[in-house]
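Participant: build me a model from this:
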Amino acid sequence: MKENELLNKTLEILEKKGSKPAYSFISSNLNCLEALSSQVYNFLYCLAATSNKKGEALNWLTMAIIKNKIWYRPEVFDDEDLNSIRQEKIFLKVLKISNERYLEALKETSTVISWKKRTCDNIMLCLHGNQQNNDMNKEHWNCFKNSNLQVEYLQSKEIDSYNLFRWEDQGSGSKHLKSSLVQMDWDSYQTRILSGFSSGCNVILKAMLEEEITCEKIILQSPWIPIIEKSGDLIAKKIKKLNIQVLIVCGD
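Facilitator: Numbers count the residues shown, from 1 in each chain. You can find the predicted model right below:
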């Protein structure tokens with residue numbers, strides 16, 4: 001079982017049965033993972049805290065931040081799931097350490113693009129979702145890579161937690177996508193495909209409107225696209241005008 005499968009199954013159990021069964025499931029299936037990411041630890045300490053297991057929740061937090069030197073953006077600790085441990089001394093200690101590491105990470109973060117040079121005439125650029133990175137991005141899209149299609153990956157500079165990134169709805173993702181396309185000499189390719197997962201889809205559509213980017217095809221997988229609430233008609237007209245083929249993958 002891969003990490004995304006474990007987390008999705010945990011969320012399914014949480015929705016249907018509640019915190020205790022969800023915590024029992026994820027904590028008893030950790031052996032299927034090679035290592036625990038910051039997101040897995042977040043599931044563990046939040047679910048433990050809402051399952052009346054304060055000691056275990058604090059242990060997971062300590063293991064993540066003290067032992068494994070993980071950190072999170074400050075908003076993560078505003079989660080009401082953590083209310084039962086919020087006043088504990090160890091919680092306040094790890095919160096301070098995490099916030100310090102986050103501020104240091106902000107100084108160094110930058111957009112990461114896998115593209116090095118042109119290898120064929122057709123290209124697909126893939127954008128990850130929130131709480132992901134380019135390694136996870138490759139798991140979604142690398143199956144498309146072949147001799148006729150150059151597949152590349154774009155990682156946001158907007159940090160979520162240790163080694164995980166996000167695309168903020170009001171962030172600068174569309175500008176960074178535009179500058180990355182310029183760096184790749186995007187317009188020189190014969191067929192250009194933009195692919196996004198979850199919040200990466202929102203960045204693609206925003207960049208079409210705000211940065212005048214274009215392509216021949218768009219793939220939106222499990223799209224999180226709040227931009228359509230205020231600009232849906234404009235996006236549809238733009239897609240139609242530019243004759244862009246769109247594939248939306250969602251649901252079962």
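
Participant: enumerate the positions of stretch 130-150 that are buried.
Facilitator: Judged by neighbour count (16 or more other CB atoms under 10 Å), stretch 130-150 contains these buried residues: 130-134, 136-138, 140-141, 150. Any C-beta I mention is one placed from the backbone N, CA and C, and that applies to glycine too.

Participant: out of these, who's nearest residue 163?
Facilitator: Taking CB to CB as the measure, residue 163 lies nearest residue 133 of the buried residues of stretch 130-150, at 5.9 Å.

Participant: right, and the helix or strand after the longest helix along the chain?
Facilitator: Using DSSP state H to define each element, the chain has its longest helix at helix 89-108. Using DSSP states H and E, the helix or strand that follows helix 89-108 towards the C-terminus is strand 112-113.

Participant: give me the nearest residue to residue 2, chain neighbours excluded.
Facilitator: Distances taken as CB to CB, 6 or more residues apart in numbering place residue 139 nearest to residue 2, at 7.6 Å, with adjacent residues excluded.

Participant: element containing the one you found?
Facilitator: Element membership of residue 139 [criterion: DSSP H and E] is helix 134-141.

Participant: put the alpha carbons of that helix into CSV.
Facilitator: What follows is helix 134-141, C-alpha atoms only, in CSV (Å, rounded to 0.1, in the frame of the first residue of the first chain):
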residue,chain,number,x,y,z
ASN,A,134,7.9,16.5,-7.4
ASP,A,135,8.6,12.9,-6.3
MET,A,136,4.9,12.4,-5.7
ASN,A,137,4.2,14.3,-8.9
LYS,A,138,6.2,11.7,-10.9
GLU,A,139,4.1,8.9,-9.4
HIS,A,140,1.0,10.5,-11.0
TRP,A,141,2.3,11.3,-14.4
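
Participant: surely residue 208 and residue 225 touch.
Facilitator: No. Shown here, residue 208 and residue 225 do not form a contact pair, counting by CB atoms under 8 Å, at 11.5 Å.

Participant: give the residues shared as contacts by the two.
Facilitator: A shared contact of residue 208 and residue 225, defined by CB atoms under 8 Å, 6 or more residues apart in numbering, is any residue touching both; here there are none.

Participant: mind listing the strands for this structure?
Facilitator: Using DSSP state E, the strands of the chain run over 112-113, 122-127, 150-155, 159-161, 164-165, 191-197, 217-221, 245-249.

Participant: so which of these comes closest to residue 35?
Facilitator: With CB to CB as the yardstick, what comes closest out of the strands of the chain is strand 164-165 (13.3 Å).

Participant: which helices and strands sit right next to the closest one?
Facilitator: Helices and strands in packing contact with strand 164-165 are not found; criterion 3 or more CB pairs under 8 Å, 6 or more residues apart in numbering; DSSP states H and E.

Participant: what are the contacting residues of that strand?
Facilitator: The set of residues external to strand 164-165 that reach it, using CB under 8 Å, 6+ apart, is 37-39, 128, 130-133, 155-159.
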